[in-house]
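**Student:** mind looking at a prediction? Sequence and model below.
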Amino acid sequence: MFRNEKLELKVGLFIGLGIFIGFLIVFSLSDVYLLQKGYKVNVLFDFVNGIKQNAPIRLAGVNVGEVKEIHLYYDENAKRTRVRLGLWIAGDAKLETDCVARINTLGLLGEQYLEITPGKADRFLKPGDNIDGRNPINVGMQMEKMSELVGSASKMFKSVSEGKGTIGKLIMDDTIYNDLETIFGRLADGEGTIGKLLAKDDIYNDVEELVSDIKAHPWKLLHKTKEKKTSSRSSSRGTSVSTR
């Protein structure tokens, strides 16, 4: 039986090329990046709000990579559970050491992505470096705090309406209310020093005229002082003469 060696060679080469391409595809989808140029850094969060692997990464609004790993671990230094995101930064994109990483969402219910805001430092992250990210808002926790705040406000208003506490007693106590009403009524009628100043125009006008005169002629205060000094000197001289 005649064998076509050339055909077998072609089939072998085709199969080998297919296997090689298959390996490249597998490696490119895994953590081994044989066909990509770039580097890996880690961002640490306390809460990631459900971001998933392969989420895009944007640097100054431009896609520069994707989230390749999400690892939950216990931080011995911080004494709490944290989340480490492994980022693959493709190409020549550089991240300053003071860059800010936060989790954003496209629209209200859109895809989550990692937004990196460039920093101002002249040093850049190296492969394998860790940086702390800005934790996204925990909506459930915020709603719980809001509920507690509303409950506290409701209790406060209830205690005030029932006459409990200082404010409630001031509002509900007729004696205190009547005393305040009497005090303000006497002030309105011009009783007492403060009441006279508030109610009588002549006293108010005299005070206002005195203040205006002092502002316009401040030298009068100095003039009076000099007159007092001159009179005191004259009296002292007269005394000395009489003594002689």
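**Tutor:** Alright, I've got the coordinates. Numbers count the residues shown, from 1 in each chain.
**Student:** care to break the chain down by domain?
**Tutor:** Domain assignment for the chain, taken from automatic domain parsing, gives 38-137, 143-202.
**Student:** and these, which one's lowest on average pLDDT?
**Tutor:** Here these differ in mean pLDDT, and the lowest is domain 143-202 at a mean of 66.
**Student:** make JSON lines out of the domains of the chain and add mean neighbour count.
**Tutor:** All C-beta spots, glycine's among them, are computed from the backbone N, C-alpha and C. Formatted as JSON lines, the domains of the chain follow (neighbours: other Cβ atoms under 10 Å):
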{"stretch": "domain 38-137", "mean neighbour count": "15"}
{"stretch": "domain 143-202", "mean neighbour count": "12"}
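**Student:** okay, these in TSV with distance to residue 22 next?
**Tutor:** Below are the domains of the chain laid out as TSV (distance: least, Cβ to Cβ, whole Å):
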stretch	distance to residue 22
domain 38-137	20
domain 143-202	49
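**Student:** among the ones you listed, single out whichever gets nearest to residue 21.
**Tutor:** Evaluated with Cβ to Cβ, the domains of the chain place domain 38-137 nearest to residue 21, the distance being 21.0 Å.
**Student:** between the two ends of that closest one, how far is it?
**Tutor:** This stretch, domain 38-137, spans 31 Å end to end (Cα to Cα, to the nearest Å).
**Student:** likewise for stretch 120-137?
**Tutor:** In stretch 120-137, first residue to last residue: 25 Å (Cα to Cα).
**Student:** nearest to residue 20, out of the domains of the chain?
**Tutor:** domain 38-137 (22.5 Å).
**Student:** pull the longest strand from this structure.
**Tutor:** strand 62-75 (DSSP state E).
**Student:** give me the contact list for stretch 124-134.
**Tutor:** Under the criterion Cβ atoms under 8 Å, 6 or more residues apart in numbering, residues 39-45, 84-85, 94-97, 99-103, 114 lie in contact with stretch 124-134.
**Student:** actually stretch 76-92, not the one I typed
**Tutor:** 33, 36-48, 51, 57, 59, 64-75, 95, 114, 130, 133.
**Student:** same question for stretch 98-114.
**Tutor:** Residues outside stretch 98-114 that contact it (Cβ under 8 Å, 6+ apart) are 43, 45, 48-52, 55-58, 67, 85, 87, 115-121, 125, 131, 133-134, 136.
**Student:** all the strands of this structure, residue numbers only.
**Tutor:** Assigned by DSSP E, the strands in the chain fall at 38-45, 56-59, 62-75, 80-90, 100-105, 112-117, 130-132.
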